[in-house]
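> Sharing a sequence plus its predicted fold:
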Amino acid sequence: HGYGKARAVAEEALFSIKTVAAFGGESKEIARYSEPLGIAKKAGVSLAGWTGFFFGVLFAGFGFAYAATFWYAGEVVVYRDTNPRASSGSFPLYDQGAIMTVFFSVLIGLMGVSDAGQPVGALFEGMGAAALIWETMDNQPDIEEDAAKKTVVAIEKRSVEQSNWAKLLRATGNDDSAEVTRVEFKNVLFTYPSRPGQLILNKLNLTFEGGQKVALVGESGSGKSTCMQLFLKFYNADAGELLIHGPSGPVNINTIPAAKWRQLIGYVGQEPVLFKGSIYDNVTSRDDSVPLEDVIWAIKTAEAAEFVKDKAREAAQNKSKDGKKSSGSEYVDVEEEDKLIAKGLKTVLGQGGGGLSGGQKQRIAIARAIVLRGKRKMLLLDEATSALDNKTEFEVQGTIDNVVAEQKMTTITIAHRLSTIQSVCYYCSSAIDS
């Protein structure tokens, strides 16, 4: 357990090494790393002491067994002719060869028994490590996850609300005609499980129609991002209802399978999270069924085409320096300009999107949120353009507005800049005060 904590501290410090160095925190991080190692060292020393004790007892037993065996064997060999029991047949008549055979047979058998005991220690270590894993696995979350057995057919049989949702997601949620006509917060109360005494949403009532662009504005800590968390079903409301209206009527979001609901939502957070892999993998979330044309369209819409093409040019220059030629003939179904973007999509990013600026990460995250054309019914933007300059933000906002209007997506955006919310239908401020 101590080594696990130390590894987590090391990963965090190394991943944020520039920040650590900027604040001169190297010695503090070393101290944080050393603390769990001290606990592990103490446990290791204790374990080694007990291990040494038991090995000492074991080998002492071997020594006593050797002594007793050779003493008894000597008695048998030396006195077998003079022992009166030998003539009567009640005393075993062993010679030296038979004695050594028996001795080594017993010795090898004991060694096998001791070797068989070693996996027992590993078994107990595994049981201790697995206890934490099983505890986590046995924890039943309040959020209902979608599973293979929870099909739309099963959902239709549960309740009227779930039947309405099943109609909205006909054909197991892959029907592009699914529609969200209204979203309604109804007397929603919410506190985070880690802070049960702090009320975040206090009887929030908010209604907006499908296809509208709504902004949530207010001071930090007023519950804006919390509304996003409820939309994404990361939490359930403590009281009240979050209702999603479709053509067949309203449905409580708590009754919707989480996985199916999230398929209809595009989300861009305050700090875009990218994964180690290619730009293509990050945009498609490693879904190979997404057409290349849609990925290129999303990259262009998010105003990310230029730096993606720059990545392709850099890769071509590096290949030319190595004496390799770039064929450029892998993607024949797209235009010439798109071929360069397609090559740039193969650029491999580091952990957390290493190699990209903050603005470039946000544009990739926006492309990921809109890449499934026609399937996303809601778009959640949590300060999605905060790292962009004014000119790029204006261009990205314009293209997002066009996409939203074309695909009739309901958009909820969180912003602190007036330029971000100029095109919204209306806004709601200070969610905690309702």
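Great, that's in hand.

> got any ranges where this protein has weak pLDDT?
Scanning the chain for pLDDT under 70 picks out the ranges 1, 78-95, 117, 140-178, 320-335, 387, 419-420, 422-434.

> Which residue ranges of it form strands?
Secondary structure of the chain (DSSP state E): strands located at 182-190, 201-209, 213-217, 239-246, 249-252, 265-268, 277-278, 348-349, 378-382, 410-414, 426-429.

> Out of those strands, which one sits most buried?
Mean neighbour count, computed with mean count of other C-beta atoms under 10 Å, is highest for strand 410-414 among these, reaching a mean of 24. Backbone N, C-alpha and C define where each C-beta goes, glycine included.

> Nearest to Lys28, out of the strands of the chain?
Closest to Lys28 of the strands of the chain, according to C-beta to C-beta: strand 348-349, at 29.5 Å.

> ok, longest helix in this protein?
Criterion DSSP state H: the longest helix present in the chain is helix 26-79.

> Now for the residue nearest to Ala369 when sequence neighbours are not counted: which residues touch it?
Nearest-residue entry for Ala369: Gly266, 3.3 Å, with adjacent residues in sequence omitted and distances by C-beta to C-beta, 6 or more residues apart in numbering. Residues in contact with Gly266 (C-beta atoms under 8 Å, 6 or more residues apart in numbering) are 368-370, 372, 376, 378-380, 409.

> where's the residue nearest the centre of the chain relative to Gly126, distance?
For the chain, Phe275 is the residue whose C-alpha lies nearest the centre (C-alpha atoms, centre = their mean; 10.3 Å). For Phe275, the distance to Gly126 equals 30 Å [C-beta to C-beta, to the nearest Å].

> And for Gly44?
From Gly44 over to Gly126 the distance is 17 Å, taken as C-beta to C-beta.

> now Leu206
Per C-beta to C-beta, Leu206 is found 51 Å from Gly126.

> Leu243 now?
47 Å.

> And for Gly249?
Note on Gly249: its distance to Gly126, by C-beta to C-beta, is 52 Å.

> Repeat that for Ile99.
42 Å.

> and those two? which has more neighbours close in?
A direct count of neighbours by other C-beta atoms under 10 Å for Ile99 and Gly126 places Ile99 higher, at 18 against 11.

> Could you report the neighbour count for the nearest residue to the more buried one once chain neighbours are set aside?
Closest residue in space to Ile99, ignoring its immediate chain neighbours: Ala73 at 4.3 Å, by C-beta to C-beta, 6+ apart. Neighbour count of Ala73, defined by other C-beta under 10 Å: 17.

> how far does stretch 267-280 stretch from start to finish?
17 Å (C-alpha to C-alpha, to the nearest Å).

> contacting residues around that stretch?
Contacts of stretch 267-280 (C-beta under 8 Å, 6+ apart): 225, 228, 232, 281-282, 286, 295, 308, 311, 344-353, 356, 361-362, 364-366, 368-369, 379-384, 386.

> same check, this time on stretch 354-362
For stretch 354-362, contacts defined as C-beta under 8 Å, 6+ apart pick out 268, 272, 274, 304, 307, 347, 349, 353, 364, 384-389, 392.

> And the furthest pair within the residues you listed?
Among these, Thr347 and Ser386 lie farthest apart (C-beta to C-beta), at 24.0 Å.

> mind listing what Phe103 touches?
Applying C-beta under 8 Å, 6+ apart, the residues contacting Phe103 are 69-70, 73.

> List just the nearest of those residues to Asp338.
Once C-beta to C-beta is applied, the member of the contacts of Phe103 that ends up nearest Asp338 is Thr69, at 84.1 Å.

> Report how many residues lie close to that closest one.
15.

> ok, for it, nearest residue in space, not its chain neighbours?
Closest residue to Thr69 apart from its sequence neighbours, by C-beta to C-beta, 6+ apart: Phe103 at 5.5 Å.

> again, but for Leu372
Counting by C-beta to C-beta, 6+ apart, the residue nearest Leu372 is Val290, at 7.1 Å.

> wait, that neighbour sits on Thr284?
Yes - Val290 lies in contact with Thr284 (C-beta atoms under 8 Å); the separation is 4.3 Å.

> Look at these two and report which has more neighbours.
Thr284 (22 against 17).

> quick one, what contacts the more buried one?
Contacts of Thr284 (C-beta under 8 Å, 6+ apart): 290, 295, 368, 371.

> what's the answer for Leu58, then?
The contact partners of Leu58, by C-beta under 8 Å, 6+ apart, come to Ser114.

> Find the residues that touch each one of Val290 and Thr284.
Val371.

> For the nearest residue to Gly352 once chain neighbours are set aside, grab the count of nearby residues.
Closest residue in space to Gly352, ignoring its immediate chain neighbours: Leu274 at 6.3 Å, by C-beta to C-beta, 6+ apart. The number of residues packed near Leu274 is 22, by other C-beta under 10 Å.

> The spatially closest residue to Leu216 that is not a sequence neighbour: what's it in contact with?
Once flanking residues are discounted, Leu216 sits nearest to Lys224: 4.4 Å by C-beta to C-beta, 6+ apart. Counting by C-beta under 8 Å, 6+ apart, Lys224 makes contact with 216-218, 382, 414, 431.

> nearest to Gly197, of the residues you listed?
Using C-beta to C-beta, Ala431 is the member of those that lies nearest Gly197, at 18.6 Å.

> check contacts around Ile265.
Counting by C-beta under 8 Å, 6+ apart, Ile265 makes contact with 231-232, 376-380.

> how near is it to Met100?
Using C-beta to C-beta, Ile265 is found at 79 Å from Met100.

> from what I can see Glu393 touches Thr385, true?
Yes - counting by C-beta under 8 Å, Glu393 does reach Thr385; the two are 4.5 Å apart.

> Settle it for me: which of these two has more neighbours?
Shown here are Glu393 and Thr385; by other C-beta under 10 Å, Thr385 has more neighbours (25 against 20).

> gap between that one and Leu349?
Using C-beta to C-beta, Thr385 is found at 20 Å from Leu349.

> At which residues are the helices of the stretch 51-200 of the chain located?
Secondary structure of the stretch 51-200 of the chain by DSSP state H, counting those that start in this stretch: the helices cover 84-88, 96-138, 152-156, 160-168.

> Now for the residue nearest to Leu372: which residues touch it?
283-284, 371-372.

> Now for those residues, which sits with the most neighbours around it?
Neighbour max across those (other C-beta under 10 Å) = Val283, 28 neighbours.

> need the contact list for that residue.
Taking C-beta under 8 Å, 6+ apart, we find Val283 in contact with 290, 295, 298-299, 345, 364, 367-368, 371.

> What of Leu372?
Counted by C-beta under 8 Å, 6+ apart, Leu372 has contacts 266, 290, 294.

> and if you look at Leu110?
Leu110 touches 62, 65, counting by C-beta under 8 Å, 6+ apart.
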